[in-house]
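Engineer: Fold the following.
(chains A and B)
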Amino acid sequence: MTRHIVARTSEIPPGGNKVVGIDGRDIVVFHVNGEYFALLNRCPHEGAPLDKAACVARLTSPEPGVYQRSRVGELLRCPWHGWEFDMRNGQSWFDPKRVKVRTYPVVIEDGETLAKGPYVAETFPVHVEDSYVVIEIGK
Amino acid sequence: MSDVIDRPALAEEISAKSRLRIIDCDVHPSLHSRADLYPFLSKRWQEHLKTYGDHLRTPYIGTTPYPRSSPLIARRDAWPPTGGPPGSDLAFMRKQHLDPLDIEFGILQVLDLFIFSQQNLDFGAAIQRAVNEWQLANWCSREPRLKASILVGQDDTEAAIAEIQRCAKLGQYVQINVSPRANEPLGRHRYWPIYARCEELGLPLGIHVGGYGGHAPSGGGWPSYYAEEHQSNAGTMAATLTSFVIEGVPERFPKLKIVFIEGGFGWISSTMWRMDQHFERFRSEVPHLKRRPSEYVKEHFWFTTQPIDEPDEARHLRSLIEWVGIDRLLFSSDYPHWDFDDPRFAFKTPLTEAERAKIFNGNARALYKL
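Structural biologist: Coordinates of the predicted model:
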């Protein structure tokens, strides 16, 4: 497992995202409701870039005429065909067991901790006074 | 389906892709604004457009009757960085679509102002001419990969024919487009003069889904949701195909070629089977038909593939393709609209190299004489 420092936390505004290239993969990091989520930047359907997705709420209807919004901003709606995915685990709304976007664990570390290593941050200067988004990539 | 995420491309697919260029039979260019058309409109119609706007044959004025799932029906990543609506910036279209997907030719389908269904027929005639000129001036002359169609509103048949004659002389257009939702079903005799011109000129007749003929989009009436209206495209196309065949259009015009655009193809086989069944039983009602309806379909009609059907099992998609026939299918992406099909990923069933070559290039090349 390698850990990659990909952004200063202040760099991704709430509701925003950043695309980073790691080992030939484009990974998109979202900032929503104070949390950060990292996913492969590619819809499993036809390959649309998920950084252009709409960040929407989970909208459900337990019975006709009754609507519930929850987890505002935590669902991705693909920019092409509108497939919805849960940012937290990459699961699709319509077939969560079989259709998923790959997700990566994210941790927030302060600059002081990171300065001790071992992290991959060749192109990313780390300052002790800032905090950073770190992605963990398996294998 | 989760295996799609990491499924490595098959060797056969890679070798085919490396050689096969794509002919995309449904690319939507867009106006930046209606002012783009002013150079091609007389002052009289510029003023009309500014003052009154357009007036379609639909009960919902000033909007699309069914609000789309995304702004301007577009992919959310298709808005040009230079501003303007998706499809309005040629440089961005090249960068996002034509170049990376190696599009050898793209057939333009203009939906702006929906010229087919303008209620004011004189305005409709002016606007169709302007749109046809704008396609050449702003797209085809700047990008030789893009090919224009002659758009005509078929309910003013006389004006439509005059416009066809004017454009055909220029030798730049590859197709003549009318709407599937006209005032009457498309097989009716009133539209035959247009089909006669298509046949004489050797240009395919293109029919792109959509339009506002004044009728409900489904046989069951006006649906409530976009999800229903989008579904009704297939039903409209099936009704249009049936009208053409049963009214005897391909029987009367043996060299006419008709292209159904953006209707998908899942519905075609059952429509053919049902028509054949009716033909066997009610032959005496339609004695002008000399052959089984499916024979006309398999000789006269082509179908673009998007929006492709996505059955749970890949072999079912394979069956749909075989039932319609590899020779009848033309790849289309619908760029830059939200229901875009990517030529690399849309066909979730195996195709041989020869089959890919026909669907993604050869069939369209022969049909449009590219």
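Engineer: which ones are touching residue 90?
Structural biologist: You didn't say which chain, so I picked chain A. A:39, A:100, A:101, A:102, A:103 (C-beta atoms under 8 Å, 6 or more residues apart in numbering or on different chains). In this view, the C-beta of every residue, glycine as well, is placed from N, C-alpha and C.
Engineer: wrong one, I was asking about chain B
Structural biologist: Counted by C-beta under 8 Å, 6+ apart, residue B:90 has contacts B:138, B:139, B:142, B:143.
Engineer: Check residue B:204 too.
Structural biologist: By C-beta under 8 Å, 6+ apart, residue B:204 lies in contact with B:174, B:175, B:176, B:198, B:257, B:258, B:259, B:302, B:367, B:368.
Engineer: So which of these are in strands?
Structural biologist: Judged by DSSP state E, the subset of the contacts of residue B:204 located in strands is B:174, B:175, B:176, B:258, B:259, B:302.
Engineer: Just the pLDDT at residue B:113, thanks.
Structural biologist: pLDDT, residue B:113: 86.
Engineer: tell me the contacts of it?
Structural biologist: Here residue B:113 is in contact with B:31, B:34, B:37, B:54, B:127, B:131 (criterion: C-beta under 8 Å, 6+ apart).
Engineer: How much space separates residue B:209 from chain A?
Structural biologist: 17 Å (C-beta to the nearest C-beta, to the nearest Å).
Engineer: For the helix or strand where residue B:354 lies, name the packing helices and strands.
Structural biologist: Here residue B:354 sits within helix B:353-357, counting by DSSP states H and E. Judged by 3 or more C-beta pairs under 8 Å, 6 or more residues apart in numbering or on different chains; DSSP states H and E, helix B:353-357 is in contact with helix B:11-19.
Engineer: quick one, phi/psi of residue 105?
Structural biologist: Just going to use chain A. Taking degrees, to the nearest 10, you get phi -60, psi 140 for the backbone angles of residue A:105.
Engineer: Hmm, no, I was thinking of chain B.
Structural biologist: phi -140, psi 150.
Engineer: Next, count neighbours for it.
Structural biologist: Neighbours of residue B:105 under the rule other C-beta atoms under 10 Å in any protein chain shown: 21.
Engineer: how much space between residue B:145 and residue B:83?
Structural biologist: Per C-beta to C-beta, to the nearest Å, residue B:145 is found 24 Å from residue B:83.
Engineer: scratch that, residue B:289
Structural biologist: 53 Å.
Engineer: More neighbours: the two, which one.
Structural biologist: Under the criterion of other C-beta under 10 Å, the comparison of residue B:289 against residue B:83 puts residue B:289 first, with 20 against 9.
Engineer: picking up where we left off before, quick one: which of the contacts of residue B:113 is most hemmed in?
Structural biologist: Neighbour-wise, the contacts of residue B:113 (other C-beta under 10 Å) top out at residue B:127, 26 neighbours.
Engineer: Quick check: it is in a strand.
Structural biologist: No - assessed with DSSP: H, G, I helix; E, B strand; the rest coil, residue B:127 is helix; it does not lie in a strand.
Engineer: thought it was touching residue B:40?
Structural biologist: No - using C-beta atoms under 8 Å, residue B:127 is not in contact with residue B:40, being 9.1 Å away.
Engineer: shared neighbours of these two, anything?
Structural biologist: By C-beta under 8 Å, 6+ apart, no residue touches both residue B:127 and residue B:40.
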